[in-house]
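> turn this into a model:
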Amino acid sequence: MSEARRLDSATWVAEAALGKKAERVVALDVSALTSIADVFVIATGTSDRHTRAIADAIVEEAPRHGRRVLGVEGYEDARWLLIDLDDVIVHVFLPEVREAYDLERLWSDAPALAVDEAGAAH
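Got it, this is the predicted structure:
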């Protein structure tokens, strides 16, 4: 995936999440660190209903960007939802679960794709 496509993917996913009032949205370029994905997007919801709404918005937006959703895990409990968009993996957490797993620390070698409050990555 090209750098421009990684940035575009991070942008639309962040916009969909922020459109549902997701908190602490972060995009990481993991392309040089793993073969499982090129981008991780991490977001926080305030309740199980909120994390589901964030995930639903991303899943709904995917086809508009030519993306197919390969799977969604964790929807039942909605504490940590994982959305597989092939080369983009989205993690939507409840605050305490995000803190416990601390993916930003685990993937600290990955450069961040800065996502501002408007959802634009740069």
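> longest helix in this protein, by residue count?
For the chain, the helix with the greatest residue count under DSSP state H is helix 3-19.
> mind jotting down where the helices sit in this structure?
3-19, 48-61, 95-101, 103-106.
> circling back to that earlier point, hmm, who's touching the longest helix of the chain?
When contacts are defined by C-beta atoms under 8 Å, 6 or more residues apart in numbering, helix 3-19 is touched by residues 1, 25, 27, 29, 31, 38-39, 41, 43, 54, 57-58, 60-61, 64-65, 67, 85, 87-88, 90, 92, 113, 115, 117-122. (Each C-beta comes from the backbone N, C-alpha and C, glycine too.)
> next, the angle from that helix to helix 48-61.
140 degrees (axes from the mean of the first three to the mean of the last three C-alpha atoms, to 10 degrees).
> output helix 3-19 as PDB - backbone C-alpha positions only.
Backbone C-alpha positions of helix 3-19 (Å, rounded to 0.1, in the frame of the first residue of the first chain) are rendered in PDB as follows:
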ATOM      1  CA  GLU A   3       2.000   6.100   1.500                       C
ATOM      2  CA  ALA A   4      -0.800   8.200  -0.100                       C
ATOM      3  CA  ARG A   5      -3.200   5.200   0.300                       C
ATOM      4  CA  ARG A   6      -2.200   4.600   3.900                       C
ATOM      5  CA  LEU A   7      -2.900   8.300   4.600                       C
ATOM      6  CA  ASP A   8      -6.300   8.200   2.800                       C
ATOM      7  CA  SER A   9      -7.300   5.100   4.700                       C
ATOM      8  CA  ALA A  10      -6.400   6.600   8.000                       C
ATOM      9  CA  THR A  11      -8.300   9.700   7.100                       C
ATOM     10  CA  TRP A  12     -11.700   8.200   6.200                       C
ATOM     11  CA  VAL A  13     -11.600   5.700   9.100                       C
ATOM     12  CA  ALA A  14     -10.800   8.600  11.500                       C
ATOM     13  CA  GLU A  15     -13.500  10.700  10.000                       C
ATOM     14  CA  ALA A  16     -16.100   7.900  10.400                       C
ATOM     15  CA  ALA A  17     -15.000   7.400  14.000                       C
ATOM     16  CA  LEU A  18     -14.900  11.100  14.900                       C
ATOM     17  CA  GLY A  19     -18.300  11.500  13.300                       C
END
